[in-house]
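> Structure, please.
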Amino acid sequence: MDSFDTGRLIYLIILGLMVVGWFFTQSRQSLNKSLQQAALWGFIFLGAIAAYGLWDDISQTVRPQQTVFADEGKIVVPRSADGHYYIAAEVNGAPVRFVLDTGATEMVLTRDDALAAGLSPDRLNFTGRAITANGEVRTAPVRLDRVTLGPVTDENLTAVVNEAEMSHSLLGMTYLQRWGKIEITGGELILTR
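Next up, the predicted model:
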């Protein structure tokens, strides 16, 4: 701990002692009730810290996951709370979380997902253009060795890498047309081969 952290710690201890001292001087006559209220607020504070620390685990349990029916060649993807359909796939063996986007013509990878899939964004030739909701962006055409979604693996696919910042890769129509049936019903997206 450096001197700056030590000074902050001393300041916080003194401030805490002042608050505790004020609390006891103000509540001398009803000390029992004040201690009950302080304990209640302490539990609320600890509960908030625990919920914050466990939020990722809680959200994984509450948020439904995509289901794969390998024998039927079917993938069932639940609609997420934000209204999108997120699809977990593998690109060249690397896990990629796609957003299903029927407005996207091609499969579009983020720079990070492209790097994870073994493509080097710094070596790509960004000669293509795409019109998005945020305006025109530059893209680089790439060829993917394989894309695996559930029990289905497709090989030698075309895609593009987006030069602009994106939160998720997009699963566009050139890939979705490979599926025999796309159905959205009851808050679920069902892909069938």
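> from what I can see Arg193 touches Val152, true?
Yes - with contact defined as Cβ atoms under 8 Å, Arg193 counts as touching Val152 (5.7 Å). No exception for glycine: its C-beta is placed from N, CA and C like everyone else's.
> Which one's more surrounded, those two?
The residue with more neighbours, out of Arg193 and Val152, is Val152; 17 against 14, by other Cβ atoms under 10 Å.
> list residues touching both of Arg193 and Val152?
Common neighbours of Arg193 and Val152, counting by Cβ atoms under 8 Å, 6 or more residues apart in numbering, are Gly73.
> any idea how far Val96 is from Ala159?
Distance from Ala159 to Val96, counting by Cβ to Cβ, to the nearest Å: 11 Å.
> can you list residues touching both of the two?
Shared between the contact lists of Ala159 and Val96 (criterion: Cβ under 8 Å, 6+ apart) are residues Leu109.
> Any idea which helix or strand in the chain has the lowest mean pLDDT?
Taking mean pLDDT, DSSP states H and E as the measure, the helix or strand of the chain with the lowest value is helix 55-62, at a mean of 60.
> after it, next one along is what?
Downstream of helix 55-62, the next assigned helix or strand under DSSP states H and E is strand 67-69.
> Relative to the whole chain's centre, how far out is the longest strand seen in the chain?
Counting residues, the longest strand found in the chain (DSSP state E) is strand 135-149. Taking the mean of its C-alpha atoms, strand 135-149 sits 20 Å from the chain's own mean (Cα atoms, centre = their mean, to the nearest Å).
> mind showing which ranges of this structure have poor pLDDT?
Residue ranges of the chain with pLDDT under 70: 1-4, 27-29, 31, 55-65, 70.
> which stretches of it form strands?
Taking DSSP E as the test, the strands found in the chain are 67-69, 74-78, 86-91, 94-100, 108-109, 128-132, 135-149, 152-162, 169-171, 181-185, 188-192.
> which stretch among these comes nearest Leu15?
strand 94-100 (44.0 Å; Cβ to Cβ).
> buried residues in the closest one?
In terms of neighbour count (16 or more other Cβ atoms under 10 Å), strand 94-100 has its buried residues at Val96, Phe98, Val99, Leu100.
> Ok, stretch 81-91 next?
By 16+ other Cβ under 10 Å, the buried positions in stretch 81-91 come out as Tyr85, Tyr86, Ile87, Ala89, Val91.
> Compile those into CSV and extend it with columns for distance to Phe69.
Compiled in CSV, the buried residues of stretch 81-91 are given as follows (distance: Cβ to Cβ, whole Å):
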residue, distance to Phe69
Tyr85, 17
Tyr86, 18
Ile87, 15
Ala89, 16
Val91, 22
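> Check the residues you listed against Ser167 and report the nearest one.
Closest approach to Ser167 among the buried residues of stretch 81-91 (Cβ to Cβ): Tyr86, at 10.9 Å.
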